[in-house]
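Novice: here's a sequence, model it:
(one chain, ligands or ions: 1)
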Amino acid sequence: MCGIVGYVGPKSTLDVLIGGLRRLEYRGYDSAGVSVISPDGHLETRKKAGKLVNLVAEIEEHPLPTAHIGIGHTRWATHGAPTDGNAHPHLGGQRQKLSLIHNGIIENFAELKAELVAEGTTFSSETDSEVAAHLIAREFEKSGDLAKAFASVVVRLHGAFTILVIHEDQPDMVLAARRNAPLVIGLGDGENFLGSDVAAFVEHTKRAISVGQDEIVILRAGSVEVRSFDGKTVQPEEFTVDWDASAASKGGWSSFMAKEIADQPQAVADTLMGRLNSDGSVRLTETDGLSHEDIKNLERIIIVACGTASYAGDIAKYGIEKWSRIPVQVELSHEFRYRDPIITKNTLIVAISQSGETMDTLMAIRYAKELGAKVLAICNTQGATLARESDAVIYTHAGPEVAVASTKALTAQITAGYLLGLWLASIRGAVPAAELKRVGIDLLKMPGRVSQVIAGLEQAQRLGTSMADAKSVLFLGRNVGFPVAMEGALKLKELAYIHAEGFAAGELKHGPIALIEEGQPVIVIVPSPRDEDSLHPKVISNIQEIRARGAKIIAIAEEGDEQVSNYAENVIFVPRCETLLAPILTVIPLQAFALALSTAKGLDVDQPRNLAKSVTVE
Ligand code: AGP
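Specialist: Residues are numbered from 1 along each chain as shown. The predicted structure is shown next:
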C-alpha cells in the first residue's frame with residue numbers, strides 16, 4: 001500500500017515528486033524518499049523514516065540538484081521496520097547507479113537474495129525490494145540495455161509489485177512494471193508521469209492510462225511505450241480524470257476526514273445522478289456485461305469486500321433481498337478466497353471496494369471468475385484494477401477519498417447497492433413496480449436528508465469530545481442497524497485506538513451483556529417506530545436491559561420518536577426515511593463521533609497508526 005510517483009519532463013522534478021507524494025501519503029506513511037538524475041548525469045537519493053515532512057526537512061538540509069527525471073515513494077512497511085535504511089528508493093549494483101521503488105510484496109525474494117549473496121552482493125536493507133534493484137543492475141551491467149535487463153528480471157518476481165527504476169547511464173527514461181498492484185500513467189505535453197493512482201499527477205494532467213496486469217512502461221518526456229512482459233507492444237486506452245486537484249485537497253478543512261464527511265450529500269447525489277428517474281424507476285446503463293437473461297436466472301449473489309466496504313455490503317443485502325428476492329450472502333474477501341464456495345454460472349459476485357485495489361478483494365474475484373461466476377464491481381476509483389477485471393462496474397461518484405477512515409465512499413456504496421437492488425428487482429419482477437418506485441422516490445430525497453444530518457452534527461461531536469477518556473464503547477443495532485453498529489465500532493477502533501465492538505442487539509442477552517457495567521457507554525441505532533413490523537419495541541427493551549445494568553446510552557433515532565428519550569441520556573435524531581435507507585443517515589453521526597473523540601485525543605485522524613488507505617497486499 002505504498003505511494004509511487006515517477007516523472008520525466010521540463011518541470012522541477014523534485015516539486016512534481018514531493019507534490020505527488022503529498023497526495024499519495026494516505027497510501028502509507030512509514031517513510032519516504034526520492035531519487036533524481038541531475039543534468040550532468042548523477043543519480044542522487046534522499047530518504048527518511050517517518051512522514052513526508054521528514055523527507056522534506058532532509059532535502060532542505062541536503063539539497064538535491066535541479067533535475068528533469070526522478071522517482072518518489074512513500075511507504076507502508078511490509079518487509080523491514082520503518083527505518084531510513086529500509087526506506088525506498090533502494091540502490092542497485094555495486095556502483096549504486098540504479099534506483100528502484102516498489103509497492104507490493106516480492107514473495108520469492110529470499111531465493112533471489114540467496115542467488116545474489118552467493119555472487120558476493122552486499123545488501124543495505126532488510127527489504128524484499130532491494131533484491132530487485134540488484135538483479136536489474138546486474139542484468140544491465142551484462143547487457144547494457146536497461147529495458148531488456150528490466151524485463152528479464154520482472155518476469156522472475158512472484159507476488160504483487162509495482163516497480164519503478166531509473167539508471168544514471170540511461171538518464172532519459174523511467175521504467176515501470178506492474179503485477180497485482182496499481183499503476184497509472186499521466187500523459188503531458190513534453191512530459192509524462194507515473195503514479196499509484198491519478199492523485200499523483202492530477203494537478204498537472206487529467207489524461208491518464210491504466211497500466212494492465214504484467215505490463216512494462218518505458219516512459220520518456222516525449223513518449224510512452226507499453227509492452228507486455230513477453231515483449232509485445234500494448235495499445236492501452238486513455239481516459240480523462242473526472243475530478244480536479246482541488247477535490248483531492250483539504251480546502252480549508254481541519255482534516256480530509258472532516259471534509260469528506262461534509263462531502264456526503266454530494267457523494268450520494270452524484271452516485272444517484274443519471275441512474276434514478278424522477279418517477280423512482282432505476283436506469284443502470286453500466287451493467288451491459290450482465291444480460292436480463294443472466295439476471296432472471298440468478299440463483300444467488302455473493303458480496304465480497306473488506307472493512308467498511310463489507311458493511312456496505314451487509315446493508316445492501318437487506319434491500320437487494322427484499323426487492324429482488326435473490327438470496328444474498330456477504331463474505332469477507334479474504335475468507336471467501338480460501339474456502340470452497342458453491343459457485344455456479346447463476347451466481348453473481350458483487351465486489352465492493354473504494355480503491356479497487358484491495359488485494360484480498362481482487363484475489364476473491366479472480367477466484368470466483370475461475371469458478372465461472374460473473375463479477376459486478378461497485379468501485380470509487382476510475383480505471384482501478386477491480387473495475388478492469390469485472391464484467392460490469394457501478395462506479396460510486398464520491399470523488400477521491402483521502403482519509404484512511406472511509407466515510408463518503410461508504411454512503412455512496414450503500415446508495416449504489418440500493419440502486420443495484422432496485423434494478424435487479426425491476427428485471428426480476430418479484431415485487432410490484434409501484435413498490436420499487438416508491439422506494440426509488442424516497443432514495444431521491446436522501447441527499448437532502450444527508451445535508452440535514454451534516455448540519456446537525458454538533459451533538460455527536462460534543463459527545464465524542466466528552467468521551468476522550470473512554471476505554472471502551474459498544475454499539476448495538478438490529479436489522480439494517482446491525483451493520484451500522486459494526487461500522488461505528490470500526491471507525492472508533494481505527495481512529496481512537498480504543499476497544500469498540502458492534503453487536504446485533506438481539507444477541508446481547510446471549511453473552512455480550514456480561515460486558516455491561518456501571519457507566520459503560522453504549523451507542524444504539526434505533527429503528528423507526530412507524531412501521532407496523534418495526535423492531536423498535538424490541539430495541540427499546542434491549543436498551544432497558546442494559547440501562548438496568550448501568551449502561552450510559554447514546555441513541556441514534558428517527559425524528560418524532562417520542563419513546564426513546566425516556567431511556568437514553570442522549571438522543572441524536574436523524575430525518576425520517578424508508579427503513580432500509582436509514583443507514584445512509586444513521587452512520588453519519590457515528591463518523592462525527594469517532595472523528596471528535598480521536599481529535600480530542602490529539603491523534604492524526606487522516607493517517608491513523610499502522611493503517612493505509614488501500615491494502616494492496618494480501
Ligand atoms: C475503513 O475505514 C478502512 N479504511 C478499511 O476498512 C477499508 O474500508 C477496507 O480496507 C476496504 O478498502 P476498499 O474499499 O478500498 O477495498
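Novice: contact partners for the closest residue to Q213 other than its chain neighbours?
Specialist: The shortest distance from Q213 to any non-neighbouring residue, by C-beta to C-beta, 6 or more residues apart in numbering, is to R179 (6.4 Å). Every residue, glycine included, has its C-beta placed from N, CA and C. Contacts for R179 (C-beta atoms under 8 Å, 6 or more residues apart in numbering) come out as G104, V154, L157, G159, A160, F161, Q213, D214, F229.
Novice: do L410 as well
Specialist: T308, A309, Y311, A312, E487, V587.
Novice: for A133, see how far away whichever residue of the chain sits closest to the ligand is.
Specialist: Residue nearest to the ligand within the chain: G307 (1.8 Å; C-beta to the nearest ligand atom). Counting by C-beta to C-beta, to the nearest Å, the gap from G307 to A133 is 33 Å.
Novice: does the residue nearest the centre of the chain lie in a helix or a strand, and which?
Specialist: Closest residue to the average C-alpha location of the chain: S355 at 3.6 Å, with C-alpha atoms, centre = their mean. Here S355 is covered by no helix or strand, with elements defined by DSSP states H and E.
Novice: now it, nearest residue through space, not along the chain?
Specialist: S355's closest residue in space is S614 (C-beta to C-beta, 6+ apart), at 3.8 Å.
Novice: kindly report the same for E139.
Specialist: A149 (3.5 Å).
Novice: downstream of the host helix or strand of that neighbour, the next helix or strand is which one?
Specialist: Secondary structure assigned from DSSP H and E places A149 in helix 146-154. Next helix or strand after helix 146-154 toward the C-terminus (DSSP H and E): strand 159-167.
Novice: for that next one, name the packing helices and strands.
Specialist: Counting contacts by 3 or more C-beta pairs under 8 Å, 6 or more residues apart in numbering; DSSP states H and E, strand 159-167 packs against strand 3-8, strand 69-75, strand 98-106, helix 129-143, helix 146-154, strand 174-179.
Novice: hang on, the earlier thing: more neighbours: G307 and A133, which one.
Specialist: Taking neighbours as other C-beta atoms under 10 Å, G307 and A133 compare with A133 leading, 27 against 21.
Novice: who in this structure is up against the ligand?
Specialist: Proximity of the chain to the ligand, by C-beta under 6 Å from any ligand atom, involves residues 306-309, 353-355, 358, 361, 404-406, 494, 614-615.
Novice: and the pLDDT at G251?
Specialist: pLDDT recorded at G251 is 69.
Novice: so what's the closest residue to Y395 other than its chain neighbours up against?
Specialist: Sequence neighbours aside, C379 is the residue nearest to Y395 in space, at 6.0 Å (criterion: C-beta to C-beta, 6+ apart). Listed by C-beta under 8 Å, 6+ apart, the contact partners of C379 are A351, I352, S353, Q354, G356, L386, A387, S390, V393, I394, Y395, T396.
Novice: now the two most distant members of these.
Specialist: Checked with C-beta to C-beta, those reach their widest spread between Q354 and S390, with 14.7 Å between them.
Novice: okay, those two: which has more neighbours?
Specialist: Per other C-beta under 10 Å, whichever of Q354 and S390 has more neighbours is Q354, with 29 against 23.
Novice: tally of neighbours for the residue nearest to S355?
Specialist: Neighbours around S614, by other C-beta under 10 Å: 28.
Novice: swap in K345?
Specialist: K345 sits with 13 neighbouring residues when counted by other C-beta under 10 Å.
Novice: that one contacts G372, doesn't it?
Specialist: Yes - K345 is within contact range of G372, at 5.2 Å (criterion: C-beta atoms under 8 Å).
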